[in-house]
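K.L.:
fold the following for me, if possible:
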Amino acid sequence: MNDLDHTDIEILKLLQRDASLTNKEVSYKINKSIATVHERIRRLKEHGYIKRTVAILDRKKVNKSLIAFSQVILNDHADSTLQQFTQEVAKFPEVMECFQMTGSSDFLLRIATSDMEAYSDFYNNKLAKLPNITTVQSFFVLKEAKSDTAYPL
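P.N.:
From the prediction side, this is the model:
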């Protein structure tokens, strides 16, 4: 963040909360010209600060009510094994996020399905069929206390 100034940070804060804001709306909120905002956003995208612009859906309305966090332990840690696992798990639409971890688990997956039956089908017919998995331990979300996509700047 060393090459970001106050204006860049203010733009990023606004766009993290509502990426549908127009350049005109952003310029009004930060008291800068539309041309300045347009150029700043272009530069922020070009330098990779803004990776993409998306719509965040209500998971319940799109029938993805069950969220599971699954800890995965592999039977070896060779580069090829780790790479194969990440490439294969990334193909599954149910896997929303995949993190390689330190500690007792090798990976943590965030999985979204419609219900327990759909999760069971995903587990039995996709995840459990991947090679080199020793253990999968899943935890199911009972209540979502906080869900945010904006990083504090």
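K.L.:
find the residue at the geometric middle of the protein.
P.N.:
Glu97 (5.4 Å; Cα atoms, centre = their mean).
K.L.:
now that one: how far from Ala112?
P.N.:
Distance check for Glu97 against Ala112: by Cβ to Cβ, to the nearest Å, it reads 10 Å. In short, each C-beta sits where N, CA and C put it, glycine included.
K.L.:
go ahead and confirm the residue nearest to the centre of the chain touches Arg110.
P.N.:
Yes: at 4.2 Å, Glu97 and Arg110 qualify as touching, with contact defined as Cβ atoms under 8 Å.
K.L.:
is it true that Ala68 lies in a helix?
P.N.:
No: assessed with DSSP: H, G, I helix; E, B strand; the rest coil, Ala68 is strand; it does not lie in a helix.
K.L.:
which ones are touching the residue of the chain positioned farthest from its centre?
P.N.:
The outermost residue of the chain, judged by C-alpha distance from the chain's mean C-alpha position using Cα atoms, centre = their mean, is Ser33 at 32.2 Å. For Ser33, the contact set (Cβ atoms under 8 Å, 6 or more residues apart in numbering) comprises Ser27.
K.L.:
with Thr7 as the reference, measure out to it.
P.N.:
Here the criterion is Cβ to Cβ. By it, Ser33 lies 11 Å from Thr7.
K.L.:
what about the helices in the protein?
P.N.:
Secondary structure of the chain (DSSP state H): helices located at 6-17, 23-30, 34-46, 79-89, 116-125.
K.L.:
who's in contact with stretch 132-141?
P.N.:
Residues external to stretch 132-141 that are found in contact with it (Cβ under 8 Å, 6+ apart): 66-76, 81, 84-85, 105, 111, 116, 119, 123, 127-128.
K.L.:
I'd say Thr149 and Thr53 touch.
P.N.:
No: shown here, Thr149 and Thr53 do not form a contact pair, counting by Cβ under 8 Å, at 11.8 Å.
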